[in-house]
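A.B. asks: Just the structure for this:
(one chain, ligands or ions: 1)
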Amino acid sequence: MTSQHLTEAATSRFVRIREGELDLQLHYNDCGQGERVVVMLHGSGPGASGWANFNRNVAPLVDAGFRVILLDCPGWSKSDSIVCEGSRSDLNATALKGLLDALDIERVDIIGNSMGGHSAVAFALRYPARLGKLILMGGGTGGASLFTPMPTEGIKRLQGLYRAPTIDNLKAMMDIFVYDTSDLTEELFQARLDNMLARRDHLENFVKSIEANPRQFPDFSPRLGEITAETLVIWGRQDRFVPMDTGLRLVAGLPNAELHLFNRCGHWAQWEHADKFNRMVLDFLTH
Ligand SMILES: O=C(O)/C=C/C(=O)/C=C/C=C(\O)C(=O)O
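C.D. replies: Modelled structure (predicted):
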């Protein structure tokens, strides 16, 4: 498959996983046929999915010969819904392990966005032999910020949107999601709203989850030194969801990490600065 044939519908797949306490149907997109596999893990916003988060980033990797798998985490998009009362980062890591076993894939590189970054770090700690390189973007660990009161304004708007999924609340969240809002079209808002409203069970279960455990994403700082994978940390300087000093904490703790900070960039570096982001990712993965 070349990138010409990359549509959501053409790459859409389902799989049943039974892993640990999880017995779930998961949805994923399977793109390209390379031997080397890159998994992309999306963020935790309402209506997020692998395809919604990474649609600007798949084609360059497929054209460079990678197989790219976009996992919809449990509780998002077309995957089964779930209430998570413990660590959602670990739950997603377990789901990814189940997916890789079901697809008979031994080792992957992971690109994680926000919650996807937290989940990628959980995967690195639990299944180090299954991981090649790690790219963490706007996420990687929970925990406090030195400079920004928690929850951040972005997370407050995100949780408000889960509780009241209206177009106005969606626009209020997206307004501080990116640095430059001029690229946010009515079409994008509508697609995101449709995704959200298609799965009210996901919205309700997310709210139940944060009521049961407000700290869905644990602080992995004390364990970062155990991760030997080569890691590229990418952050938006104006990220109003997960503040950039989280990125500094990551590079302080991860022994093989480097950091790139995009200026004029919010929480979605892979989308706002897609061309440069894609070049950096390819360079990092191939050298
Ligand atoms: O609370 C956290 O640390 C993580 C928050 C997120 O994962 C937010 C992500 C939002 C998106 O990436 C989205 O596409 O909605």
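A.B. asks: can you give me the strands in the stretch 151-287 of the chain?
C.D. replies: 231-236, 257-262 (DSSP state E, counting those that start in this stretch).
A.B. asks: which of those sits most buried?
C.D. replies: strand 231-236 (a mean of 25; mean count of other CB atoms under 10 Å). C-beta here means a position set from N, CA and C on the backbone, and glycine is covered the same way.
A.B. asks: That one - which strands sit beside it in the sheet, and in what orientation?
C.D. replies: Counting by DSSP bridges, the strands paired with strand 231-236 are strand 131-137 (parallel), strand 257-262 (parallel).
A.B. asks: Can you pull out the residues in contact with the shortest one?
C.D. replies: Strand 257-262 is contacted by residues 230-237, 244, 247-248, 250-251, 269, 272-273, 276-277, 280 when judged by CB atoms under 8 Å, 6 or more residues apart in numbering.
A.B. asks: do stretch 8-26 as well
C.D. replies: For stretch 8-26, the surrounding residues in contact (CB under 8 Å, 6+ apart) are 1, 27-31, 51, 55, 70-72, 74, 78-80, 82, 91, 94-95, 97-99, 101-103.
A.B. asks: just checking, which of the residues you listed belong to strands?
C.D. replies: 27-31, 70-72 (DSSP state E).
A.B. asks: what would these look like in CSV with neighbour count and distance to the ligand?
C.D. replies: Putting the ones in strands among the contacts of stretch 8-26 into CSV (neighbours: other CB atoms under 10 Å; distance: CB to the nearest ligand atom, whole Å) gives the following:
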residue, neighbour count, distance to the ligand
His27, 21, 16
Tyr28, 26, 17
Asn29, 26, 15
Asp30, 17, 21
Cys31, 28, 19
Leu70, 29, 13
Leu71, 27, 14
Asp72, 24, 12
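A.B. asks: Looking at those residues, spot the one nearest Pro218.
C.D. replies: Leu71 (20.2 Å; CB to CB).
A.B. asks: hang on, the earlier thing: between the strands of the stretch 151-287 of the chain, which one is closest to the ligand.
C.D. replies: strand 231-236 (11.4 Å; CB to the nearest ligand atom).
A.B. asks: what would the strands of the stretch 151-287 of the chain look like in a markdown table with distance to the ligand and mean pLDDT?
C.D. replies: Shown next, in a markdown table, are the strands of the stretch 151-287 of the chain (distance: least, CB to the nearest ligand atom, whole Å; pLDDT from 0 to 100):
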| stretch | distance to the ligand | mean pLDDT |
| --- | --- | --- |
| strand 231-236 | 11 | 98 |
| strand 257-262 | 15 | 98 |
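A.B. asks: Can you check which of those strands gets nearest to Phe189?
C.D. replies: Per CB to CB, nearest to Phe189 of these: strand 231-236, 20.3 Å.
A.B. asks: ok, residues contacting that closest one?
C.D. replies: With contact meaning CB under 8 Å, 6+ apart, strand 231-236 is reached by 133-138, 140, 179, 244, 246-247, 250-251, 254, 256-262, 265-270, 272, 277, 280-281, 284.
A.B. asks: from those residues, which would you call buried?
C.D. replies: Burial by neighbour count, 16 or more other CB atoms under 10 Å: within the contacts of strand 231-236 this picks out 133-138, 140, 179, 244, 246-247, 250-251, 254, 257, 259-260, 262, 265-270, 272, 277, 280-281, 284.
A.B. asks: And whichever helix or strand Phe123 is part of, how far out from the chain middle?
C.D. replies: Assigned by DSSP states H and E, Phe123 belongs to helix 115-126. In terms of CA atoms, centre = their mean, to the nearest Å, the centre of helix 115-126 is found 10 Å from the chain centre.
A.B. asks: Renumber starting at 21 from here on
C.D. replies: In the new numbering, first residue 21, that becomes helix 135-146.
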